[in-house]
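A.B. asks: Give the three-dimensional model of this entry:
(chains A and B)
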Amino acid sequence: MFFLVPLGVANDNSQDVKEKNQDSAVKFRGFGTLGIARSSSDQASFIRDASQPQGISNGEWSARIDSILGGQVNWQLTNEVMLVGQAVSRLRYNKKRTPEITWAYARWEAMPDTSIRIGRLGADFMMLADSRLVGYASLTARPPADFFGPLFFHHFDGVDASITKPAAGGLARFKIFAGKTQEKTVDAQNIWDTSGSHVNGVVADYWQGPWQLRLNFAQVKFSNSLDVSPLPDLLNSAGSILGLPSAFAAADALETKNTTSRFYSLGVVYDSSGLQAQGMANCIHHEAGLLQNSCAGYALVGYRQGAFTPYVGLSAWKSTARGKITGLPAVAPFDSVNFAFGSVMNLSHADQHTLTVGARWDVKPNVAFKIQWDAIRGNSQSVFPFRDEQAGWNGKTNVLSVVSDFVF
Amino acid sequence: MCFRLCLTLCFDAMVNKLLRQFIFVTMMLFSAGHAWADLVIVTSEATGISTLSKEDVINIYLGRYRRLPNALPALPIDMAESSEIKKKFYWRLVGKTLAEINSYWSRLIFSGQTQPPAVLNSSEDAIMRIHRVPGTIGYIERGNHSKLDKRLVVVFELGE
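C.D. replies: Numbers count the residues shown, from 1 in each chain, chains lettered A, B, ... in the order given. Sure thing, here's the model as predicted:
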């Protein structure tokens, strides 16, 4: 009898643990988007963000930019520790869809309001940025390209820590993160390997009722140069021949290695009783003269009517030209160097706004169809959000998208 | 004649009385039934709390903050996807359809943030879990609460 009592307690405790962990066995989940889109202009190809090497153009329907498939495994080791792995297949810098590991981390929740994650983590550079591949989680067919377009970072290897506390009648969360990127992107001609670049940042969230406010700061110190050869060598040579410091300065402006880019953003979301509204703004400042500083913003409103949620949005993106010149005379052979320098310095220029109109149809609890029309209106120099710009590019195109988002 | 008139009047009065009683009882039953159908958030006495605010329930069920007023970790329980009570719960709590709730959770799950509540298939399973693990909270219909277990502590009532 004396043995039965503790045995009973032990059984009860083990049952508790078993029940706590019952939901924690290894879980596999997935998400995806099957989408086709067409862009009316034949003078430039529309892309989803700067990580995509190819876009859509000429009114041809294509599944290239929006189709995504992801799978995720969660393994709850203990009540406090979870392992998470995620792989995603999407159009990448090398024009292939080879799945990449987007998450691979251990999460430790010592207490319900604190979390530490170590491993490969989402790049939480802006509000909603770390879930922008999950179409089912979004109202629109794709994240507004004017806002998320320049952000090609999706993950980094490192650590983040967050704490959540009640504050001023709502909830406040503070998060810091740091690590190194392992990603590559592509410019007009070359692959830019940013692997090993240091990233760090802070995130502050505040929730009250249906409102969420987010402030973000993140910075990246690039470990590698964006290859614009042989232009720097030409500028340095010309500078030596003519004794022009401005030519050396122009060559220095093309260097991205060991320069830092800083991302500032603010986001507000309202979500209640079928009404969804989002407003966000960001500014990106680059030390590298090659990359133009930019600011962007968008507003989006949707209202659910049964299973349908029509929405309308307006976004804008504008960068500032650096105004750098080589100082080389406008005669051969220096005029061609000047022209090349001007072209390269304009590669990251954006000056456009987009009107978005669409509707989401939640056909089943885990499946949604969306149809969306984007009217992009920019000037002829707005080339960064596009690929393959032709001489006749006027900065204007209309993008029609039909997508099916799902989770499982 | 007088007797027949009296009998008729008495009969009419009796019918009217019965009719009034029937209507009263029916209304009481209807209103009682309506009240019993209300959703309540329950936990066990061992959890050590007597009430939660609506904001607390929202924060716990939406994964924003899972700590009870007495600092114990909150362990929310959800019902199966197909259950009517789950639809009713989220609709009344935050005015969202299950599709919207799934969309919300897909953002958190696939961005590596918090996990959704544990899912059980029936109120009976939920109540067993609630009794077994302090800190567990669940939503059930008040009728089930009365019928199944009076030891549960109602910490929040979710009206229409």
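A.B. asks: you'd agree residue A:338 is in a helix?
C.D. replies: Yes - checked against DSSP: H, G, I helix; E, B strand; the rest coil, residue A:338 lies within a helix.
A.B. asks: what's the burial count for it?
C.D. replies: For residue A:338, the neighbour count with other CB atoms under 10 Å in any protein chain shown is 19. C-betas here are computed from N, CA, C, even on glycine.
A.B. asks: so what's residue A:368 scoring on pLDDT?
C.D. replies: Listed pLDDT for residue A:368 reads 97.
A.B. asks: my read: it touches residue A:138, true?
C.D. replies: No - if you go by CB atoms under 8 Å, residue A:368 and residue A:138 don't touch, sitting 9.4 Å apart.
A.B. asks: Now do the shared contacts for the two.
C.D. replies: Common contacts of residue A:368 and residue A:138 (CB atoms under 8 Å, 6 or more residues apart in numbering or on different chains): residue A:405.
A.B. asks: Chain A contacts on chain B?
C.D. replies: Listed as neighbours of chain A in chain B under the rule CB under 8 Å from any CB of the partner chain: B:55, B:59, B:64-67, B:73-75, B:81, B:94-95, B:97-100, B:102-104, B:106-112, B:115, B:118-119, B:129, B:132-133.
A.B. asks: Mind checking which of those are in strands?
C.D. replies: Among the residues of chain B next to chain A, the residues falling in strands (DSSP state E) are B:75, B:118-119.
A.B. asks: Can you tell me the closest non-neighbouring residue to whichever residue of the stretch 201-350 of chain A sits closest to chain B?
C.D. replies: Closest approach between the stretch 201-350 of chain A and chain B, counting by CB to the nearest CB: residue A:273, at 3.6 Å. Leaving aside its chain neighbours, residue A:273 sits nearest to residue B:95 (3.6 Å; criterion: CB to CB, 6 or more residues apart in numbering or on different chains).
A.B. asks: how close does that neighbour sit to residue A:54?
C.D. replies: 42 Å (CB to CB, to the nearest Å).
A.B. asks: and what of residue A:112?
C.D. replies: Going from residue A:112 to residue A:54 by CB to CB gives 45 Å.
A.B. asks: which of those two has more neighbours?
C.D. replies: The neighbour count for residue A:112 versus residue A:54, taken as other CB under 10 Å, is higher for residue A:112 (20 against 15).
A.B. asks: quick one, phi/psi of the residue positioned nearest the centre of chain B?
C.D. replies: Geometric centre of chain B, nearest residue: residue B:39, 1.4 Å, by CA atoms, centre = their mean. Here is the backbone geometry of residue B:39 (degrees, to the nearest 10): phi -80, psi 140.
A.B. asks: tell me the contacts of the residue nearest to it when sequence neighbours are not counted?
C.D. replies: Leaving out its chain neighbours, the residue that sits closest to residue B:39 by CB to CB, 6+ apart is residue B:158, at 4.1 Å. Residue B:158 makes contact with B:38-41, B:57, B:89, B:92-93, B:139, according to CB under 8 Å, 6+ apart.
A.B. asks: Flag the shaky bits of the stretch 51-200 of chain A, pLDDT-wise.
C.D. replies: A:188 (pLDDT under 70).
A.B. asks: For it, which segments count as strands?
C.D. replies: Applying DSSP state E, counting those that start in this stretch to the stretch 51-200 of chain A gives strands spanning A:68-76, A:81-89, A:100-108, A:114-122, A:155-167, A:170-181, A:184-186, A:191-193, A:198-208.
A.B. asks: and the helix or strand harbouring residue A:284, average pLDDT?
C.D. replies: According to DSSP states H and E, residue A:284 maps onto strand A:275-286. For strand A:275-286, mean pLDDT is 97.
A.B. asks: now check it, is it near chain B?
C.D. replies: No - for strand A:275-286 and chain B, the contact criterion (CB under 8 Å from any CB) is not met; the two come no nearer than 8.8 Å.
A.B. asks: Thank you, goodbye.
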